[in-house]
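**Q** pasting a predicted model and its sequence here:
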Amino acid sequence: MDLVTVGGLFVGICALLIGVVVEGGHLSGLVSLPAFIIIFGGTIGATAIGFSVKELKAVPSMLRIAFFEQEQDSALLIKTMSKFAETARRNGLLALEDELVAIDDKFLLKGMQLVIDGTDAELVRNIMETELAFIQERHNKGASIFDAAGGYAPTMGIIGTVMGLVHVLGNLQDAEALGPAIATAFLATLYGIFSANIFFLPIAAKLKNRSSNQIIVYEIALEGILSVQAGDNPRIVEEKLEAFLAPSDRVQKKN
């Protein structure tokens, strides 16, 4: 579980609730089933229009990615590639076949298999860069679903408020109920803006951040694969791949 994501969501919700209580309001005043249905039902419907069924089916997995931290050990990857380079220089590329059994990452496994099969270096680069581009495209598509929902939610909030006000204006004869009815109508705007800025847009940002980190790891893997194929010295491979890391990470890795 990613405590930063969960903690941020918790703090955002608590800030709203505490603010209402401090102002002397009641939490029950924030509950409106019609507003909830209009905002979340309308947002889900509007978002679904812009995407395919296959893309929408990926939403649960996108949420898992956002709420559960993915381990990205770049230092371990660099060490692994350095080890592959050493094995290849000593025993040849075919000797790496036994090393592939321990590899779980499909991207790295595919690249190393191409190298072991004797594929031309330029072709290996082209194949893996194409693979990388489409991985990034799939990641961006997942984040764009939440970006779209974050854009629709505030608008749905305004629609819900207008609908509520239309209902209020149609019953002006009941003066005592006028204030509560207007307050309920504006809850739709609150739901829309709050859900967009506390959930939908932050989740999209988290997915983009996760994707960026993953792409960097894959770029390290690709450069390492090509270096192993070229027969580079293990130390050179290590130095080359360390360039992808922040200086603080390099120092920590060496320590």
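**A** Structure received.

**Q** CA atoms for contacts and neighbours, from now on please.
**A** Fine.

**Q** and the strands in the stretch 51-200 of the chain?
**A** Secondary structure of the stretch 51-200 of the chain by DSSP state E, counting those that start in this stretch: no strands are present.

**Q** so where's it shaky on pLDDT?
**A** Within the stretch 51-200 of the chain, the segments meeting pLDDT under 70 span 172, 174-177, 179.

**Q** and the helices in it, which stretches?
**A** 53-57, 59-67, 74-91, 106-116, 121-169, 178-195 (DSSP state H, counting those that start in this stretch).

**Q** which one of those helices lies closest to Val11?
**A** Val11 lies closest, by CA to CA, to one member of those: helix 178-195, at 12.8 Å.

**Q** coming back round to it: could the helices of the stretch 51-200 of the chain go into CSV alongside distance to Leu207?
**A** Below are those laid out as CSV (distance: least, CA to CA, whole Å):
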stretch, distance to Leu207
helix 53-57, 15
helix 59-67, 6
helix 74-91, 19
helix 106-116, 19
helix 121-169, 6
helix 178-195, 17
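
**Q** kindly reformat those as CSV containing mean neighbour count and distance to Gly29.
**A** Converted to CSV, the helices of the stretch 51-200 of the chain look like this (neighbours: other CA atoms under 10 Å; distance: least, CA to CA, whole Å):
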stretch, mean neighbour count, distance to Gly29
helix 53-57, 12, 33
helix 59-67, 16, 30
helix 74-91, 19, 49
helix 106-116, 19, 51
helix 121-169, 19, 15
helix 178-195, 21, 8
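
**Q** nearest to Val20 among these would be which one?
**A** When these are ranked by proximity to Val20 (CA to CA), helix 178-195 comes first, at 12.3 Å.

**Q** quick one: contacts for the nearest residue to Ile65 once chain neighbours are set aside?
**A** Nearest residue to Ile65 in three dimensions, chain neighbours excluded: Leu207, at 7.2 Å (CA to CA, 6 or more residues apart in numbering). By CA atoms under 8 Å, 6 or more residues apart in numbering, the contact list for Leu207 reads Met62, Ile65, Ala66, His139, Gly142, Ala143.
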